[in-house]
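Undergrad: Requesting a structural model of the entry that follows:
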Amino acid sequence: MSIQLHSTDSSTDATDRRYPQLAMLIDGRWVETGGSGSRQVENPATLSILGNVPLADEQQLDAALAAAGRAFGTWRLVSPRDRAGVLHRAAALLRERTETIATAMTLENGKPLRESRDEVAFSADIIDFLAGEAQRSFGTSTIDGATRRVTLSVEPIGPVAAFTPWNYPLIVPARKIAAALAAGCTMVIKPDEETPASAVELARALVDAGLPAGVVNVVFGEPARVSAHLIASPVVRKVSFTGSTSVGKHIAALASAGAKRTMLELGGHAPVIVFDDVDPVAVAQQAIGSKFHNAGQSCGSPTRFYVHQGVHDEFVGALSEAASRLVVADGIDERAQMGPLANVRRLDAVRRLIVDAAGRNASVVTGGALDGIGHFWAPTVIANVDDDAQSMNEEPFGPIALTAPFTDTDEVIARANRLPYGLAAYVFTGSARTAALVPRALEVGMVGVNHFSLGGEDTFFGGVKESGYGSEGGAEAVHEYQIRKLIDEA
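TA: Got it, this is the predicted structure:
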């Protein structure tokens, strides 16, 4: 079994000196007091209280909106080179502050320090790439006759309202902020109140890098009230949301009332198709690092493993053995390979889904609840899961790998495509023909072939169907915050 290294500090009023002071950023000023009070931030490994995040009232939200509106008038006119300079300096500061930021992230989110350090590094790479895109976004101009010139101008869309989740509390804000700023937009962003420090430290790096007041404003508050207030404001011209499909649909409905452009990156339930012409043990060993990264709390996490019947049992054995050896511990412990779940909601959901699968004659091969303090759950592998199980239809968003055998290619493609989700999928095969045809038949925005990676800071990142629309990555990310304007001069 996985070894447990849980902290014994379960105090509800203890604070950790490694956790930064929380504040909102409104019009260039740090605001530590919220007009709607505050909310405690809990360490999911120890259940101790890390600090208190201020919650904005309507007056503070209006101040942030007004600041973004004023700043847009000047930031949009800043040269692309100067906008890029601010972003590059902020990326450098993130790298310099890696240990401080990674420690805060692990304390509030639970993920192992190694993963938090990687998140800081990747966030800095994202910002650097998007800074470069600020200087690579051009319009076009053509001449028609002796006196007529037709120009397609590329311009920033305007102030943005952005909403980000708790599972990647630095990467997601970095993507949204850097793309918007590179395009010449300003932003009011509401990160998740359960993991606020990561976004606060990102904002601190931007301020220290010379970002003018009001260009980025960070607020916290009761999610439904804040989102409704920000989206309804005439100041906001664009809405960007990353989170659950159900909330994303609500955000889109709010934005539609003002015909405001939206970008949605929503839930997933990624299928993995493993054919019998690959080494099932090698695929299982590769799957471990991806499936249990961030305790499975990732929209692109591989979850539904459809494995050819000829290699299914061998795959399950290898995956279960490797999962059972993972070290589950407080993420602050350098030995941790998987930390706790981020909140008790995920713990309850994982328990419910496993009970349902077991009740439908699936085999829980390894995993289960762990004793002690914190929201810990052992990496779990469930074999021979029917497609009607709750876990095969509801995104587990936790450390659960589900397997099911298949024999026919057309059948398994249909099973992979049957859900409304369409974010990511993975295919493992030794056949060049299969590798070419199956990914094109999968109804998703991204497919990994013979590996579990999905691009990098310079590539498209987005889904289809109820997994949303638009891109959070690559040059397309900057385009999400731009409009095209036709200028026809005679």
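Undergrad: and the lowest-mean-pLDDT helix or strand in the chain, what does it pack onto?
TA: Least confident helix or strand of the chain, by mean pLDDT, DSSP states H and E, is strand 140-144 with a mean of 75. Secondary-structure packing of strand 140-144 (3 or more C-beta pairs under 8 Å, 6 or more residues apart in numbering; DSSP states H and E): strand 148-156. All C-beta spots, glycine's among them, are computed from the backbone N, C-alpha and C.
Undergrad: Strand partners (parallel or antiparallel) of the strand it packs on?
TA: strand 140-144 (antiparallel), strand 482-489 (antiparallel) (DSSP bridges).
Undergrad: Could you check the last one and say which residues are buried?
TA: Put plainly, it is strand 482-489. Gln482 (16 or more other C-beta atoms under 10 Å).
Undergrad: Please enumerate the helices of the stretch 201-350 of the chain.
TA: 223-232, 245-256, 280-291, 312-324, 344-359 (DSSP state H, counting those that start in this stretch).
Undergrad: which of the residues in the last one are buried?
TA: When neighbours are counted by 16+ other C-beta under 10 Å, the buried residues of helix 344-359 are found to be 346-347, 349-350, 353-354, 356-357.
Undergrad: can you give me the mean pLDDT across it?
TA: Across helix 344-359, the average pLDDT comes to 96.
Undergrad: part of a strand, is Ala102?
TA: No: counting by DSSP: H, G, I helix; E, B strand; the rest coil, Ala102 is not found in a strand; it is helix.
Undergrad: for it, what are its contacts?
TA: 113, 116-117, 119-120 (C-beta atoms under 8 Å, 6 or more residues apart in numbering).
Undergrad: tell me which element the closest residue to it other than its chain neighbours is part of?
TA: Spatial nearest neighbour of Ala102, excluding adjacent residues (C-beta to C-beta, 6 or more residues apart in numbering): Ser116 at 3.8 Å. Per DSSP states H and E: Ser116 is located in helix 113-133.
Undergrad: which strands and helices sit next to that helix?
TA: helix 80-96, helix 98-109, helix 171-183, helix 474-479.
Undergrad: Helix or strand next in line after the third one, which one?
TA: Elements were assigned by DSSP H and E; along the chain past helix 171-183, the next helix or strand is strand 187-190.
Undergrad: and Ala404, how many neighbours?
TA: Neighbourhood size, Ala404 [other C-beta atoms under 10 Å]: 22.
Undergrad: what's the most buried one of the helices and strands packed on helix 113-133?
TA: helix 171-183 (a mean of 28; mean count of other C-beta atoms under 10 Å).
Undergrad: Report the angle between it and strand 482-489.
TA: 10 degrees (axes from the mean of the first three to the mean of the last three C-alpha atoms, to 10 degrees).
Undergrad: Helix 171-183 packs against which elements?
TA: Using 3+ C-beta pairs under 8 Å, 6+ apart, helix 171-183 sits against helix 80-96, helix 113-133, strand 160-163, strand 187-190, helix 196-208, strand 238-242, helix 474-479.
Undergrad: Tabulate these in JSON lines, adding columns for distance to Ile26 and mean pLDDT.
TA: Below are the helices and strands packed on helix 171-183 laid out as JSON lines (distance: least, C-beta to C-beta, whole Å; pLDDT from 0 to 100):
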{"stretch": "helix 80-96", "distance to Ile26": "19", "mean pLDDT": "98"}
{"stretch": "helix 113-133", "distance to Ile26": "22", "mean pLDDT": "97"}
{"stretch": "strand 160-163", "distance to Ile26": "14", "mean pLDDT": "98"}
{"stretch": "strand 187-190", "distance to Ile26": "9", "mean pLDDT": "98"}
{"stretch": "helix 196-208", "distance to Ile26": "11", "mean pLDDT": "98"}
{"stretch": "strand 238-242", "distance to Ile26": "19", "mean pLDDT": "98"}
{"stretch": "helix 474-479", "distance to Ile26": "25", "mean pLDDT": "93"}
